[in-house]
Each structure stands twice: as structure tokens, then as C-alpha cells.
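Colleague: take this sequence and fold it.
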Amino acid sequence: MKKINNYANWLLTLTHFTSLFIVTSSVLAIVVSWLKEKNETVSGKPSKLVLFTLIFSHIQLLVGLVLLAMNFAAISGTGVNIMKDAAVRMKLIEHPIMMILAVVFITIGYSKAKRATNGRDRAKKIAIFYGLGLFITVFAMSYMGYWSKMAFMH
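Modeller: Residues are numbered from 1 along each chain as shown. Predicted structure coming up:
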């Protein structure tokens, strides 16, 4: 059990730093795509920064799902009613749903931006969908109290 807790702590630390990267890269992807592709006719795929944000959000989702499974396994034998305990419900139901929605918006944004034919439409799609993903991610992080848990914030 102690070995599982070490893995869980390591994965939790990984998700904290990956989420900071996702927030930063989302903001940069929105700004860079808006400045770079504002009036251009485009062909091909969106910038690498937009792609890296997509990739890291999917990695974050996979690691989060592993942590979610570990949490469900740890709680399953305790008799805790998930829906009646607000802290457990937030950790096991609300936060994962918000993060899944954020990744869905980022994925939709990349897919729509890839199909855009002019730079203004591409930048608009990235700004809308990555912005929604960013908003949900920041809200979910603050909802879970991540900002107060960060080491550099103390």
C-alpha cells in the first residue's frame, strides 16, 4: 500500500506541474495564434504550440484518470457515500468532469482550427475553444485549491 501511495503522490505532483504548463501554453497558444494568423490565408496545421497544448492536455487527462481509479480503489471499501460527502464528491466526480470538459474543448478547438482555411477563422477557433478549456481548467484548479497548494506560492 505504501508503494501505491508513493506512485499516487508522484502522479499528483506531475498533474500539478502539467496543469500549470497547460494553463501557460493555452494562454500563449491563444495569443500567438491571434497575432500570427490574424490576416493570413493558411494551409496545413496550426502552430506547434497549439499542438503541444493538445498533447499535454491529453497526457494530463490520462494521468488524471489513473489517479481517479486509484482514489476509487482506495475509497471503495471504506463505506463512504460519495455523493453525500462534499469533499469526496468534488475530488471524484466534479473535478474529473470539469477536466474532461476542458480537454474536450481543447480537442474540438484543435480539430476546427486544423480545418480552417483562413488565419482569422483559425485564430478565432483557437481563441474560443482553447479559451473555454483554459477557463474550465483554471476554475477546476481553483475549485480544488491547487493555487494554495503550489510550493512556490507559500
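Colleague: so how far is stretch 9-22 from its chain's centroid?
Modeller: How far stretch 9-22 lies from its chain's middle: 10 Å, per C-alpha atoms, centre = their mean, to the nearest Å.
Colleague: which strand or helix spans the most centrally placed residue in the chain?
Modeller: Nearest to the geometric centre of the chain sits residue 57, at 4.8 Å (C-alpha atoms, centre = their mean). Taking DSSP states H and E as the criterion, residue 57 maps to helix 48-75.
Colleague: pull the helix or strand with minimum mean pLDDT from this structure.
Modeller: helix 146-149 (a mean of 60; mean pLDDT, DSSP states H and E).
Colleague: average pLDDT for the helix holding residue 57?
Modeller: Averaged over helix 48-75, pLDDT sits at 89.
Colleague: buried residues of it, list them for me.
Modeller: Using 16 or more other C-beta atoms under 10 Å as the test for burial, helix 48-75 gives 49-50, 53-54, 56-57, 60-61, 63-64, 67-68, 70. Every C-beta, even on glycine, is put in place using the N, C-alpha and C of the backbone.
Colleague: just checking, next helix/strand downstream of that helix?
Modeller: helix 86-89.
Colleague: got a list of contacts for that following helix?
Modeller: If you take C-beta atoms under 8 Å, 6 or more residues apart in numbering as the criterion, helix 86-89 is touched by 75, 80, 82-83.
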